[in-house]
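dropping a prediction and its sequence here:
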Amino acid sequence: MISQTAQYALRAIVCLASHPQSAMTVGALADMTRVPPKYLSKVMQALVRADLVISKPGKMGGFSLKVPAETLSLLTVIEAIDTPMHEEPYPLELRTYGNILCPLHQRLDELIAHVRKEFNTITIRDLLP
């Protein structure tokens, strides 16, 4: 349901939230999150582009949260990395299925809506010790 990349992003965000006073390098984040550094670097750049993380260059630089952990939802982080989760009544708007698959699509839509709602109610702050 959640891609490995989104899981890595969540690990990094939680790690940053648990160290709010200092910027963290990719190396330090990689060690703490057990994510390969090169891969994590790409994830962090995606989080910067999504305006969730600040990147500070230089010797004392690194990454830090731009959005307060109290207001940053899991859904926001996941959708910054993955294709947004959304309800779509008919895949690719194909109407040729007829009534046979309508209950399936309705149930899938309900489940996606429920998961989105739950991910949106959980903040990063909720995940800190």
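Looks like it arrived, so ask away. Small disclaimer: the values here were computed from a predicted structure and weren't measured.

remind me, longest helix of the chain?
If you go by DSSP state H, the chain has its longest helix at helix 102-121.

which other helices and strands does the helix or strand bottoming out on mean pLDDT in the chain contact?
Averaged element by element with mean pLDDT, DSSP states H and E, the chain has its least confident helix or strand at helix 102-121 (a mean of 86). Applying 3 or more C-beta pairs under 8 Å, 6 or more residues apart in numbering; DSSP states H and E, one finds that helix 102-121 contacts helix 74-81. No exception for glycine: its C-beta is placed from N, CA and C like everyone else's.

what's the angle from the helix it packs on to helix 102-121?
Here helix 74-81 points in a direction 110 degrees away from that of helix 102-121 (axes from the mean of the first three to the mean of the last three C-alpha atoms, to 10 degrees).

for residue 49, give its distance to residue 82.
For residue 49, the distance to residue 82 equals 14 Å [C-beta to C-beta, to the nearest Å].

can you tell me the closest non-neighbouring residue to residue 67?
residue 52 (5.3 Å; C-beta to C-beta, 6 or more residues apart in numbering).

tally up the residues packed near that neighbour, please.
21 (other C-beta atoms under 10 Å).

picking up where we left off before, how about the longest helix of the chain: buried residues?
By neighbour count with 16 or more other C-beta atoms under 10 Å, helix 102-121 contains the buried residues 116, 119.
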